[in-house]
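*Asks:* take this sequence and fold it.
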Amino acid sequence: MELLGMSPLRTQVTGIATVLVMVALVLVPRGAEARKGRVLESFEYTAISCRGHSASITDFGGVGDGKTSNTKAFQDAVTHLSQYASDGGAQLYVPAGQWLTGSFSLISHFTLYLHKDAVLLASQDMNEWPVLKPLPSYGRGRDAAGGRFTSLIFGTNLTDVIVTGANGTIDGQGAFWWQNFHRGKLKYTRPYLIEFMYSDNIQISNVTLLNSPSWNVHPVYSSNILVQGITIIAPVTSPNTDGINPDSCTNVRIEDSYIVSGDDCIAVKSGWDEYGISFGMPTKQLVIRRLTCISPYSAAIALGSEMSGGIQDVRAEDITAVHTESGVRIKTARGRGGFVKDIYVKRMSLHTMKWVFWMTGNYKAHADSHYDPNALPVIQGINYRDIVADNVSMAARLEGIEGDPFTQICISNVTIGMAAKAKKVPWTCTDVEGITSGVSPRPCELLPDQGPEKITACDFPAEPLAIDRVELKSCTYNIG
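*Replies:* Okay, the predicted model is just below:
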């Protein structure tokens, strides 16, 4: 590992000298005066890429007192380290401390690493949050018709970028933003904690995200994304604090994460109404596994409602949800267009739910009044199997669109334990078509039981996606 400003030869010589100094100290007689050697701390992590250069935020004037703004220090560090993009890349180390900062942008071939006791504190000074234009596939902001505040950690047109650590913390201090949102005082959409646009080869891992102003992790118009081992926590009543939202992205892997949220733990998106249809970039080839979710007012996994560019080939397995409104939720409406198809879910364990399955074609939130009511979504090839749930109020609420039914639904090997005060009719189904096998309580007539011999009828692809073949490297660094 080459330290900044040192050649590989000098680094090697320095390392040898350090060892010799430490040996000399051991050999000095007890009680003799001696100069203390420099103690190096090492840390190791796995990543898609290791870096040839490293620096600390303190090298650029960073102050971790929780009061001093470090926005300039972070941006100066990134700008300085950009010189190494074509020479092995660079890593910015954030040591223990509370590092107050506004939005800052990353670069290609770059790693942001947070010490286990490092906390990035999001500034509450709106002047430290530049405003961007609305996303082209949305046509407007989510909170207001205008633009949107730049995310805390942001990047666009990047390749090979990593945000990781030893479970260091990124605290969005969202209460400030939630209050302004509820009071209608925001001119622009609230910032997210991490967002990468038009980027490729992204890793977000082993960090804790707290109290995001809005969505937590938002890769958009990007590909080859690994989100792994992250914890996301926000009050369950906080507005729109979605966990991880892959949006018009390809080849995404989300795994081994824990989310407590005021909205969907994972929301798969691809643009809104006529803007998403025109932009035409689907989310596809998405893997979600080993997710734990708590979200009393939303879903463990939501598909939509902004799905106008299409969603295809989503594979979810080994999902646990507790005190969550629904296990899997598909949200769409007339005017959305697009499609949700080839969805595969298996091995869900659900505890205290309002619904296990919810599909609706009546989710009426539109970007504006210019949507085409004749733009009908295609919902087909939805496969759920091997699911156990208990303390459930209602097994399923499946509502397609009149004249545009949701088709090729397959549900098998599902056992749902109903709550003591459950709805008298556990299934409601309209404008849907499909089959079931081995499902209890008995599904609606629109999903006829095919008998026990069809209990494995619902598909789940055996062939892994390309993102599953990504191999991580072991990276080791020394810090003084």
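*Asks:* okay, now the unreliable bits of this protein?
*Replies:* 1-40, 480 (pLDDT under 70).
*Asks:* helices along that one, start to end?
*Replies:* For the chain, helices defined by DSSP state H occupy the ranges 8-27, 71-81, 175-182, 273-279.
*Asks:* so which bits of the third one are buried?
*Replies:* Which is helix 175-182. In terms of neighbour count (16 or more other CB atoms under 10 Å), helix 175-182 has its buried residues at Phe176, Trp177, Trp178, Asn180, Phe181. Heads up, the C-betas are built off the backbone N, CA and C, glycines and all.
*Asks:* same question for the second one.
*Replies:* Of all the residues in helix 71-81, those buried under the rule 16+ other CB under 10 Å are Thr71, Ala73, Phe74, Gln75, Asp76, Ala77, Val78, Leu81.
*Asks:* the last one now?
*Replies:* By neighbour count, and taking 16+ other CB under 10 Å as the criterion, the buried residues in helix 273-279 are Asp273, Glu274, Tyr275, Gly276, Ile277, Phe279.
*Asks:* got the contact list for the residue lying closest to the third one once chain neighbours are set aside?
*Replies:* Which is Tyr275. Using CB to CB, 6 or more residues apart in numbering and skipping the chain neighbours, the partner closest in space to Tyr275 is Gly139 (3.6 Å). By CB atoms under 8 Å, 6 or more residues apart in numbering, the contact set of Gly139 is Trp272, Asp273, Glu274, Tyr275, Ala367, Asp368.
*Asks:* you'd agree the fifth one is up against Trp272?
*Replies:* Yep, that's Ala367 we're talking about. Yes: in this structure, Ala367 is within contact of Trp272 by CB atoms under 8 Å, at 4.6 Å.
*Asks:* overlap in contacts, those two.
*Replies:* Common neighbours of Ala367 and Trp272 (CB under 8 Å, 6+ apart) are Tyr138, Gly139.
*Asks:* okay, these two: which has more neighbours?
*Replies:* Trp272 (30 against 23; other CB atoms under 10 Å).
*Asks:* separation between that one and Phe154?
*Replies:* Separation of Trp272 from Phe154 (CB to CB, to the nearest Å): 21 Å.
*Asks:* likewise Pro452?
*Replies:* Applying CB to CB to Pro452 and Phe154 gives a distance of 52 Å.
*Asks:* who's more crowded, those two?
*Replies:* More crowded of Pro452 and Phe154, by other CB under 10 Å: Phe154, with 21 against 10.
*Asks:* could you find the closest non-adjacent residue to that one?
*Replies:* Ser105 (4.9 Å).
*Asks:* wait, that neighbour touches Val78, no?
*Replies:* Yes: with contact defined as CB under 8 Å, Ser105 and Val78 form a contacting pair (6.8 Å).
*Asks:* ok, and the closest non-adjacent residue to the most centrally placed residue in the chain?
*Replies:* Residue closest to the average C-alpha location in the chain (CA atoms, centre = their mean): Ile244, at 2.6 Å. Nearest residue to Ile244, sequence neighbours excluded (CB to CB, 6+ apart): Val217, at 4.5 Å.
*Asks:* who does that neighbour bridge with?
*Replies:* Applying DSSP bridges to Val217 gives these bridge partners: Ile194, Ile244.
*Asks:* counting neighbours, what do you get for it?
*Replies:* Residues near Val217, counting by other CB under 10 Å: 30.
*Asks:* ok, Ser123 next?
*Replies:* Neighbour tally, Ser123, other CB under 10 Å: 18.
*Asks:* can you check Pro282 too?
*Replies:* 22.
*Asks:* ok, it touching Ser308?
*Replies:* No: the pair Pro282 / Ser308 is not scored as a contact, 9.6 Å apart, by CB under 8 Å.
*Asks:* overlap in contacts, these two.
*Replies:* Ser270, Gly338.
*Asks:* neighbours of Leu112, just the number please.
*Replies:* 26.
*Asks:* am I right that it is in contact with Leu152?
*Replies:* No: assessed by CB under 8 Å, Leu112 is found out of contact with Leu152, at 11.2 Å.
*Asks:* for Ala267, what are its contacts?
*Replies:* Contacts of Ala267 (CB under 8 Å, 6+ apart): Asp242, Gly243, Ile244, Asn245, Ala299, Ala302, Gly304.
*Asks:* top of those by neighbour count?
*Replies:* Neighbour-wise, the contacts of Ala267 (other CB under 10 Å) top out at Gly243, 32 neighbours.
*Asks:* could you find the closest non-adjacent residue to that one?
*Replies:* Ile259 (3.9 Å).
*Asks:* same check, this time on Gln228
*Replies:* Closest to Gln228 by CB to CB, 6+ apart is Ser205, at 4.3 Å.
*Asks:* burial count for the one you found?
*Replies:* The tally of other residues near Ser205 (other CB under 10 Å) stands at 22.
*Asks:* and it, how far from Pro95?
*Replies:* 19 Å.
*Asks:* so who does Tyr221 touch?
*Replies:* Here Tyr221 is in contact with Ser137, Met197, Tyr198, Ser199, Asp247, Ser248, Cys249, Met281 (CB under 8 Å, 6+ apart).
*Asks:* closest to Phe43 among those?
*Replies:* Ser199 (25.6 Å; CB to CB).
*Asks:* who's in contact with the closest one?
*Replies:* Listed by CB under 8 Å, 6+ apart, the contact set of Ser199 reads Gly155, Thr156, Asn157, Leu158, Thr159, Val161, Pro219, Tyr221, Ser222.
*Asks:* show me the contacts for the closest residue to Ser437 other than its chain neighbours.
*Replies:* Residue nearest to Ser437 in three dimensions, not counting chain neighbours: Lys454, with 3.9 Å by CB to CB, 6+ apart. Residues in contact with Lys454 (CB under 8 Å, 6+ apart) are Ser412, Ile435, Ser437.
*Asks:* so how far is His80 from the residue nearest to Ile244?
*Replies:* Computed as CB to CB, the Val217 to His80 distance reads 26 Å.
*Asks:* Gln173 too?
*Replies:* With the distance defined as CB to CB, Gln173 ends up 27 Å from His80.
*Asks:* what sits against Gly271?
*Replies:* 135, 137-138, 247-248, 277, 279, 281, 306-309, 338.
*Asks:* for Glu195, see how far away the nearest residue to it once chain neighbours are set aside is.
*Replies:* Spatial nearest neighbour of Gly271, excluding adjacent residues (CB to CB, 6+ apart): Ser137 at 3.2 Å. For Ser137, the distance to Glu195 equals 14 Å [CB to CB].
*Asks:* then Gln228?
*Replies:* 18 Å.
*Asks:* let me see the ranges of the strands in the stretch 351-480 of the chain.
*Replies:* 378-399, 406-418, 427-430, 432-440, 473-479 (DSSP state E, counting those that start in this stretch).
*Asks:* what's the offset of the fourth one from the middle of its chain?
*Replies:* Taking CA atoms, centre = their mean, to the nearest Å, one finds the center of strand 432-440 at 31 Å from the center of the full chain.
*Asks:* what packs against it?
*Replies:* Contacts defined by 3 or more CB pairs under 8 Å, 6 or more residues apart in numbering; DSSP states H and E place strand 432-440 against strand 378-399, strand 406-418.
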